[in-house]
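J.: Coordinates for the following, if possible.
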Amino acid sequence: LQVDSGLFSLPSRSIITSYPQMSGRLRDIILLLSLPLLASCGRYDRVYDINEGWEIAPGHHREVFGDDSVNWTAARTPLHVGSLPGYAGQTGWVTLRRDVTDEVQRVQAMGKPVGLKTGKLQYIGEVFLNDYPVQSTGRESEVEQRGFRTILTSINPALIEADRRDVLYISIYSETTREFGILGTFGVRIGDAEDILNNFWISHVVRTVLCGIYIVVGTFFLLLYARRPGEIYNLWFGFLAIGAGIYYFHQGEVRQFVYEDMMLMAKVMHISLYLFSMFFLLFIEALIDRRYSKLALGFVAFSLVLSLLALITSDRIFMTTLIRIWQYIVLPLLLYLPAYIGYHAWRGNADARVLLIGFGLYVLASFYEIALDIGWIFGPSVASYLFFTIVIGLALLVSDRFLRIYNEADRLNAELENKNVRLSRLDKMKDEFLATTSHELRTPLNGIIGIAESLMDGAAGTIGDGVKKNLNLIVSSGRRLATLINDILDFSKLRNR
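T.: Numbering: from 1, shown residues only. This is a model prediction of the structure:
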């Protein structure tokens, strides 16, 4: 196995050799968090990203092909067609074209079939090589079911002619006035068909597995909350992880094999995004401060309103407007949360210090992803992989806190048990002391009472009234004290039974 990132080539043997040298828990965590990175950094030398050199013109391929009067302007993918000068507010077909002769010849020189993968086409797309159709997705009659679709296909060798240039055309149709074009991790890729297919499935199988891990982790913490209802952050983290898993699954192209109703898919994706971001904020504040700020409560209300609107609407343009509103609200929130976490970290909160590192990285990735989605930049999507490491890190953090509480409870229980044993021993010693002391006190006390009574009876001769009065006082006090000692002895006997 060879891991090739384009910057270095590292045999997996060196990773495996150093693996046993790490401590157990740290070793397992590093290996677990490395899997998404290893899956995403692999590069296929026979696949070419063709994001530059594109030209765009209004109209379908059948209208612009071979027409020298068409005005082609420069463009690049990924792109939002509606954001290009001269295209804002337009609907219908637009066509992109690029000369791919060099890439096709390089692949054919290797004796490999030529493959093609587009980014997510918004909403209906058709691909042509010169004047030959290659593949399409969606139909104009299904425009109400429009959504994001990826074309993944091999190009028939019979369509490639040696005596002329190979020009790739992509025609895109939409009824929206702004948001349509080619989106996704990379705009368009061409190369060895097998490598393109493997790259597509490996990256999206890894993404799907990560989403499954999110849901499993979230379910575990919901069960943990059911066991310990007092730890509310376990509830928020459980919903957060499940919502993240659902949302990132819908971000991948695998979703188009699950859904036939694109509107239903869009509703689920939007609602999961709004709710998982809401649970993220609730989790952070519950974990660090155990109280909720007015900002957090306001964002909860805002997210619930957006979720309700996304549920009841069937207007694609309105749903796009909702996601834009959410993005502009979340951007300042992404600045607030690091400041909030940093403040509590500065005040000595150990959990906040751990969160500050991971969340800082995720804030940067979130800005990057939003810019990628808006169309300001293009490049690989890293949010799902980075968020996976953050979710696992948060899970370890919450699990560690739970273990600390559990261990502390065990320690206190053991300490309480030891103190109970000691108290029982001391109590027994007290009873034995009281019984022994009472016996020792009763013997001389009876003697005092007996001598005083004999003196009162004249055993030593006649005594005066004053002396007799004092002796009577001694006898009554002695008898009262003897009764008290007998009660103590009876109580000690009852305690020892």
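
J.: ok now do E103, which residues does it touch?
T.: Y48, I50, I190, G191 (Cβ atoms under 8 Å, 6 or more residues apart in numbering). No exception for glycine: its C-beta is placed from N, CA and C like everyone else's.

J.: ok, now how distant is it from I190?
T.: Applying Cβ to Cβ, to the nearest Å, the value for E103 to I190 is 5 Å.

J.: what do these two both touch?
T.: In contact with both E103 and I190: Y48, I50, using Cβ under 8 Å, 6+ apart.

J.: Serialize the contacts of E103 to CSV and add fields for distance to W236.
T.: Conversion of those to CSV gives the following (distance: Cβ to Cβ, whole Å):
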residue, distance to W236
Y48, 44
I50, 44
I190, 45
G191, 44
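
J.: wait, which of the residues you listed is closest to L333?
T.: Nearest to L333 out of the contacts of E103 is I50 (Cβ to Cβ; 36.4 Å).

J.: among the contacts of E103, which two are most distant?
T.: So, the contacts of E103 by Cβ to Cβ: farthest apart are I50 and G191, at 9.4 Å.

J.: what's the model's confidence in the host helix or strand of G125, averaged?
T.: In this assignment (DSSP states H and E), G125 forms part of strand 124-129. Strand 124-129 shows an average pLDDT of 87 in the prediction.

J.: what about that strand, distance to the chain center?
T.: 37 Å (Cα atoms, centre = their mean, to the nearest Å).

J.: ok, the helix or strand following it: who's next to it in the sheet?
T.: Remark: after strand 124-129, the chain's next helix or strand is strand 132-137, criterion DSSP H and E. Looking at strand 132-137 with DSSP bridges, its partner strands are strand 124-129 (antiparallel).

J.: Would you mind extracting the C-alpha trace of the strand it pairs with into PDB?
T.: As requested, the backbone C-alpha atoms of strand 124-129 are provided in PDB (Å, rounded to 0.1, in the frame of the first residue of the first chain):
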ATOM      1  CA  ILE A 124     -30.300  19.500 -15.100                       C
ATOM      2  CA  GLY A 125     -27.200  18.800 -17.100                       C
ATOM      3  CA  GLU A 126     -26.000  17.200 -20.400                       C
ATOM      4  CA  VAL A 127     -22.400  16.400 -21.400                       C
ATOM      5  CA  PHE A 128     -21.200  16.300 -25.000                       C
ATOM      6  CA  LEU A 129     -17.800  15.600 -26.600                       C
END
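
J.: quick one: the strands in this structure?
T.: With strands called from DSSP state E, the chain shows them at 2-4, 9-11, 47-49, 54-58, 73-75, 79-80, 92-99, 114-122, 124-129, 132-137, 148-154, 167-174, 181-192.

J.: Could you pull up the contacting residues of the residue lying closest to Y214 once chain neighbours are set aside?
T.: Nearest non-adjacent residue to Y214, counting by Cβ to Cβ, 6 or more residues apart in numbering: G245, 3.1 Å away. Listed by Cβ under 8 Å, 6+ apart, the contact partners of G245 are L210, C211, G212, I213, Y214, I215, G218.

J.: Read off the pLDDT value for the fifth one.
T.: Y214 is assigned a pLDDT of 84 by the prediction.

J.: thought it was touching G238?
T.: No. Between Y214 and G238 there is no contact under Cβ atoms under 8 Å: 10.5 Å.

J.: Any stretches of the stretch 51-200 of the chain with poor pLDDT?
T.: Across the stretch 51-200 of the chain, the ranges flagged by pLDDT under 70 are 76-90, 122-123, 138-148, 174-187.

J.: Repeat the analysis, applying 90 as the threshold.
T.: 51-96, 105-113, 117-126, 130-132, 135-165, 170-200 (pLDDT under 90).

J.: Thought G191 was touching V114, still the case?
T.: Yes. With contact defined as Cβ under 8 Å, V114 counts as touching G191 (7.4 Å).

J.: okay, and the common contacts of those two?
T.: Common neighbours of V114 and G191 (Cβ under 8 Å, 6+ apart) are V107.

J.: can you pull the contacts of D131?
T.: Here D131 is in contact with F65, G66 (criterion: Cβ under 8 Å, 6+ apart).

J.: nearest residue to I56 other than its sequence neighbours?
T.: A75 is the one closest to I56 (Cβ to Cβ, 6+ apart), at 4.1 Å.

J.: could you measure the one you found against R98, distance?
T.: A75 is 9 Å from R98, by Cβ to Cβ.

J.: Find residues that contact each of the two.
T.: With Cβ under 8 Å, 6+ apart as the test, A75 and R98 both reach W54, E55.

J.: count of neighbours near G111?
T.: By the criterion of other Cβ atoms under 10 Å, G111 has 7 neighbours.

J.: what does D261 give?
T.: D261 has 10 nearby residues by other Cβ under 10 Å.

J.: Kindly report the same for P338.
T.: 17.

J.: can you check the one 10 residues further on too?
T.: Applying other Cβ under 10 Å, we find 8 residues neighbouring G348.

J.: Check it and give its pLDDT.
T.: If you check G348, the pLDDT there is 82.

J.: circling back: more neighbours: I50 and G191, which one.
T.: When I50 and G191 are compared on other Cβ under 10 Å, the one with more neighbours turns out to be G191, at 26 against 21.

J.: Need the pLDDT of the closest residue to the more buried one other than its chain neighbours.
T.: Excluding the flanking residues, the one nearest G191 by Cβ to Cβ, 6+ apart is V47, at 3.6 Å. If you check V47, the pLDDT there is 84.

J.: can you pull the contacts of V47?
T.: V47 neighbours (Cβ under 8 Å, 6+ apart): R189, I190, G191, D192, D195, I196, N199.

J.: okay if I get the residues you listed as JSON lines plus distance to R425?
T.: Output for the contacts of V47, formatted as JSON lines (distance: Cβ to Cβ, whole Å):
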{"residue": "R189", "distance to R425": "78"}
{"residue": "I190", "distance to R425": "84"}
{"residue": "G191", "distance to R425": "81"}
{"residue": "D192", "distance to R425": "81"}
{"residue": "D195", "distance to R425": "77"}
{"residue": "I196", "distance to R425": "78"}
{"residue": "N199", "distance to R425": "72"}
